[in-house]
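>>> From the sequence below, what's the structure:
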Amino acid sequence: MRLSCLQENLSRGLSVVGRAVATRTPLPITQNVLLSTDQSRLKLAATNLEIAITTWIGAQIEDEGSLTVPARLLTELVNSLPEERIDIASADQPASMDLKCARFEAHVNGAGADDFPPIPTVESGVIARIEADVLRSAVNHVAFAAATEDSRPVLTGTKVELNGQDFTFAAADGFRLSVFRGSLAEPVSEDVSFIIPARSLQEVNRLIANQEGAVEFTVTPPKSQALFRLDNVEVVSQLVQGTFPNYAQLIPQDHATRVVVGREEFLRATRSASIFARDGSGIVRLQISGEGEGKLSISSRAEELGDNQGEIDATVEGRESEAKIAFNSKYLMEVLDVLEEDRVALEISTPSSPGVIRPTDDDRFLHVVMPMFVQW
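This next block holds a predicted model:
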């Protein structure tokens, strides 16, 4: 393989695929990045066997070929070079690569491309298209609520349902649930549902930060893999097998009290209370008082450190003039952080029933939080 490309293009390409490089793995080759020529372009690919990312950059190809080299070493090397042309030449025996840029030269030992795990290809399946800004919003509102521990693998994923023109994303970790509903760019040929790792969705979200237009994704017939096609980038993710909880049953259908507050004020008061909540199991207490123009009090206390209380104006409606509930401060702050609207509604029934948080002017999203049991 012999080719030339610009340092900034190679650096950008390596940063795109770098997040799919395995860190701790019994298969050392997955710590490498695959470089190969493909239709007058340089193709870069990496996989950790759960997700594979492929990207293409412009290059002047003299000889075709392919090679894998340590991803971290190559990335750090390329990032240290001046923004000039890089000349790359590979050798087969032993597998290695010579790299020249301006007055810098390097020799990198690698491994043959045949030893690299094959990047999955998705040739057929249900194809859906979703506008990039809508997908960004859906992932931001949902993925953070997925479980991070593997004790229940289905909860580390996001349930995706495609029905006609509509889609639903849902994620839960046993303590909270996020649900986002939106519209596809065009109807799907058949309804389908699957569970995709939340980490994979977050990687796709990172890659579409500057993308305009629609993102196309394909789900294989056995629902084992999903392929996302972006601008000059393809992401293939393994899907999570199993049965996702019936999240519709977890959403309260009624509430006794509904309080509407400013999102930033609510977040500020919760963040202040969380400082004392750290030594109190993360518990913040919410107390609602008044009817119509009422107040929401957010407090916390720690036995040895002291206590904290904040109060914000609220619009209160409901059957109870006095209502109270306690939540984990982390869960409360994380959902308020992802919301963009000025005002949010909190709906509660009893201190032991889940609370629902939703924007007042956007019915696409809702978040259910389990309460904490405290002595009032």
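>>> and the longest strand seen in the chain, which residues are buried?
Using DSSP state E to assign secondary structure, the strand with the most residues in the chain is strand 306-318. Taking 16 or more other Cβ atoms under 10 Å as the basis for neighbour counts, the residues of strand 306-318 that come out buried are 308, 310, 312, 314-316, 318. C-beta: built from backbone N, CA, C; applies to glycine.
>>> got the residue ranges for the strands in the stretch 101-250 of the chain?
Using DSSP state E, counting those that start in this stretch, the strands assigned to the stretch 101-250 of the chain run over residues 104-109, 126-131, 157-163, 166-172, 176-183, 192-197, 214-219, 225-230, 233-238.
>>> mind checking the longest helix of the chain?
For the chain, the longest helix by residue count, based on DSSP state H, is helix 263-277.
>>> Tell me how far Q375 lies from R301.
Going from Q375 to R301 by Cβ to Cβ, to the nearest Å gives 11 Å.
>>> Give the residue from the two that has the larger number of neighbours.
For Q375 versus R301, neighbours defined as other Cβ atoms under 10 Å are more numerous around R301 (17 against 4).
>>> Secondary structure class of that one, three-state.
The three-state label for R301, taken from DSSP: H, G, I helix; E, B strand; the rest coil, comes out as strand.
>>> could we number from 383 for the rest of this?
Yep, numbering from 383; the last one is R683 now.
>>> Next, find the distance separating it from E693.
From R683 across to E693, the span is 16 Å (Cβ to Cβ).
>>> same thing with S582?
The value you get for S582 to E693, if Cβ to Cβ is used, is 42 Å.
>>> what's the first-to-last distance across stretch 434-451?
This stretch, stretch 434-451, spans 16 Å end to end (Cα to Cα, to the nearest Å).
>>> for the spatially closest residue to V756 that is not a sequence neighbour, which residues make a bridge with it?
Computed as Cβ to Cβ, 6 or more residues apart in numbering, the closest residue to V756 that is not its neighbour in sequence is A708, at 4.6 Å. The bridge-partner assignment for A708, based on DSSP bridges, gives R667.
>>> contacting residues for A708?
Taking Cβ atoms under 8 Å, 6 or more residues apart in numbering as the contact definition, A708 lies against 665-668, 733, 753-756.
>>> do the same with T625
By Cβ under 8 Å, 6+ apart, the residues touching T625 are V536.
>>> Find me the pLDDT at it, would you?
If you check T625, the pLDDT there is 95.
>>> go on, E673?
If you check E673, the pLDDT there is 83.
>>> Could you count how many residues lie near it?
Neighbour count for E673, taken as other Cβ under 10 Å: 14.
>>> right, and it touches T697 too?
No - taking Cβ atoms under 8 Å as the definition, E673 is not a contact partner of T697, at 9.7 Å.
>>> What separation is there between V756 and S654?
From V756 across to S654, the span is 18 Å (Cβ to Cβ).
>>> More neighbours: the two, which one.
The neighbour count for V756 versus S654, taken as other Cβ under 10 Å, is higher for S654 (18 against 14).
>>> Can you tell me the closest non-neighbouring residue to that one?
Using Cβ to Cβ, 6+ apart and skipping the chain neighbours, the partner closest in space to S654 is G692 (5.6 Å).
>>> roughly how far apart are the one you found and S679?
Distance check for G692 against S679: by Cβ to Cβ, it reads 7 Å.
>>> where exactly do the helices run in this protein?
389-399, 453-462, 514-524, 580-589, 645-659, 711-720.
>>> Can you pull out the residues in contact with the third one?
By that I understand helix 514-524. Applying Cβ under 8 Å, 6+ apart, the contact partners of helix 514-524 are 512, 540, 549, 551-553, 560-562, 564-565, 580, 583-584, 586-587, 590-591, 593-597, 720-721, 747.
>>> Show me just the buried residues among those.
Among those, those classed as buried by neighbour count (16+ other Cβ under 10 Å) are 512, 540, 549, 551-553, 560-562, 564, 580, 583-584, 586-587, 590, 593, 596-597, 720-721, 747.
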